[in-house]
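In: sharing a model prediction with you, sequence too.
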Amino acid sequence: MDLRRVVVTGVGSVSPFGMGAELLFESLRAQKSSVRGVPELAHITGLRTGVAALVPGIDPKEIPRKYRRSMSNMSIYATLAAQEAISQGRVTEKELQSGNTGVAIGSTVGSPIATHRFYEEFLPTKSLETTRATFFFQIMNHSCAANVVQAFGIKGRMLAPSAACSTGCQAIGYGYEMIACGKQTMMLCGGADEFHPLTAATFDIINASSVKYNERPAETPRPFDQDRDGVVCGEGAGILLLESLDSAKSRNAPILAEIIGFATLSDPTNLADPNADSIEACVRKVLAEASVQSKEIDYISAHATGTILGDIAESEAIRRVFGDRTPTSSLKGHLGHTMAASGAIETIATITMMRRGTLIPTLHLDKIDPLCQNIWHLREALDKPVRTILKNNFALGGINSCIILRRYEDD
Amino acid sequence: MTDEEAIDLINTSLAEEFELEMTRMTPQAHLRDDLGLDSLDRVDMVIVLQNAFKFKIREEEEIRAITTLGDIHAFVLAKLHAAQRPIA
């Protein structure tokens, strides 16, 4: 079967830096941290982390009530990010509603905030009399995808991959494959999540959250650093408009990058512990899918969240495949871990790096952990031509995903 | 509560819930065609009215026949008047 080439023609980001892909990149380039103290977390017994990376300055009322009524924060973020991607891609209403445009947008879970509010009312009263009609639409697992479809009148396929922290890259990958196979012409792809204390607790309970920097939030997380102590949970949405190259050319859409490979593999060795062998297998598979050799990769955007085990496993896998010849950095030091959005937000930032020829270093990487050594850690910005990049995105539950993007070259 | 106060409470409660301009809250306003309220909104409309007037109306048959804001006014006023009527 002949596969169609797939390109990115629009991006949209709602990140802990705020609204917009440009703001995202400029904040990263300025080496800013979006992590802050969240005082309300201190009131939860047993929760040790007190920091998070929350989205500031969003006006949900930009979305008409008709659509907003069924949205929790994660769907609001996804819709605003989708709007940005659609605008940049100059997609018409007719194209959105043609049936040839679909969505692949996921989240780790349905809205934890809506679920919390429901049980807060329901448990003391055992009454459903005050439950709103739109409640279910916020907690269903495909809430973000469904809400984006409604908001833009999209009539094509709807996927809502739910792969925890690997959701973003899985969504991009599945959208890519759908277009490559000719089943859809355009796909809005990505992930979204909203912060709730349960998100932080998920990592804190398994001793994987950052707990030592509550008084110095802007110094954590610290991917690959010797003094790292875990994940900082964040929130947001990243949406990419993927499109067949033929379609993009025919309507003179801006082509930001080409996707040339996607791989996702399950890791049955452990539900929670990242495994270097499994990560290496996924990296090698995506290289094969893209038909590129490891030496052709100009930059690796690592998943590295700042956990002890995860950063060691990922750097070991990178070392085995790339040695120390490929610049590598993680954006989690700036952004925290935006969960289902992370793969998509970080891919968007990585595309901008490729277009500008500027690689952003890992924030807070002061002393490289000896167990993360022997790869090329970017500790300062690096200006260089970048043609081909690898994005890693892994998740609890044993899910690894990798994407390879290439600078688009007309031929 | 006078009838005028009750109508005002209905209008302000629904306008706030559904983000409608008060100028649109006329008795003639059709819930679907003029105010854009669909079946999901009608569920929440009942909850808003129950909260505002502290009565239970969800199971009442007459609600299904309501099409205009004026119908809501009449329905709610009838409920309030019935509640005030002494039991014979």
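Out: Structure received. What you see is a predicted model, and the numbers here were worked out from it, not measured in a lab.

In: just the C-alphas of stretch A:362-381, formatted as CSV.
Out: This file holds the C-alpha atoms of stretch A:362-381, laid out as CSV (Å, rounded to 0.1, in the frame of the first residue of the first chain):
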residue,chain,number,x,y,z
THR,A,362,17.4,21.1,29.9
LEU,A,363,16.6,23.5,32.7
HIS,A,364,18.2,22.9,36.2
LEU,A,365,20.7,20.4,34.8
ASP,A,366,23.5,21.6,37.1
LYS,A,367,25.2,18.3,38.0
ILE,A,368,24.5,15.4,35.7
ASP,A,369,23.6,12.3,37.5
PRO,A,370,26.5,9.8,36.9
LEU,A,371,23.8,7.2,36.0
CYS,A,372,22.5,9.5,33.3
GLN,A,373,25.9,10.3,31.8
ASN,A,374,27.5,9.4,28.4
ILE,A,375,24.9,11.0,26.3
TRP,A,376,25.1,14.6,24.9
HIS,A,377,23.1,16.6,27.5
LEU,A,378,22.3,20.1,26.3
ARG,A,379,23.1,22.4,29.1
GLU,A,380,23.2,25.6,27.0
ALA,A,381,21.2,26.7,24.0
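
In: which residues of chain B lie near chain A?
Out: B:18-19, B:36, B:39-41, B:43-44, B:47, B:50-51, B:56, B:58 (C-beta under 8 Å from any C-beta of the partner chain). Heads up, the C-betas are built off the backbone N, CA and C, glycines and all.

In: could you rerun that using 6 Å?
Out: Within reach of chain A by C-beta under 6 Å from any C-beta of the partner chain, chain B has these residues: B:19, B:40, B:43, B:44, B:47.

In: look through chain A and tell me its longest helix.
Out: helix A:73-89 (DSSP state H).

In: right, and residue A:65 touches residue B:16 too?
Out: No - contact between residue A:65 and residue B:16 fails when scored by C-beta atoms under 6 Å: they sit 11.3 Å apart.

In: neighbour count: the two, which is higher?
Out: Per other C-beta atoms under 10 Å in any protein chain shown, whichever of residue A:65 and residue B:16 has more neighbours is residue A:65, with 14 against 11.

In: nearest spatial neighbour of that one, skipping sequence neighbours?
Out: Nearest residue to residue A:65 in three dimensions, chain neighbours excluded: residue B:19, at 4.7 Å (C-beta to C-beta, 6 or more residues apart in numbering or on different chains).

In: keeping just the C-alphas, turn the longest helix of chain A into PDB.
Out: C-alpha atoms of helix A:73-89 as PDB (Å, rounded to 0.1, in the frame of the first residue of the first chain):
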ATOM      1  CA  ASN A  73     -10.700  22.900  32.000                       C
ATOM      2  CA  MET A  74      -9.000  20.200  29.900                       C
ATOM      3  CA  SER A  75     -11.600  20.600  27.100                       C
ATOM      4  CA  ILE A  76     -11.300  24.400  27.300                       C
ATOM      5  CA  TYR A  77      -7.500  24.100  26.900                       C
ATOM      6  CA  ALA A  78      -7.900  21.600  24.000                       C
ATOM      7  CA  THR A  79     -10.500  23.800  22.200                       C
ATOM      8  CA  LEU A  80      -8.400  27.000  22.500                       C
ATOM      9  CA  ALA A  81      -5.300  25.100  21.300                       C
ATOM     10  CA  ALA A  82      -7.300  23.600  18.400                       C
ATOM     11  CA  GLN A  83      -8.500  27.100  17.500                       C
ATOM     12  CA  GLU A  84      -4.900  28.300  17.300                       C
ATOM     13  CA  ALA A  85      -3.800  25.300  15.200                       C
ATOM     14  CA  ILE A  86      -6.800  25.800  12.800                       C
ATOM     15  CA  SER A  87      -6.100  29.500  12.400                       C
ATOM     16  CA  GLN A  88      -2.400  28.900  11.700                       C
ATOM     17  CA  GLY A  89      -3.300  26.200   9.200                       C
END
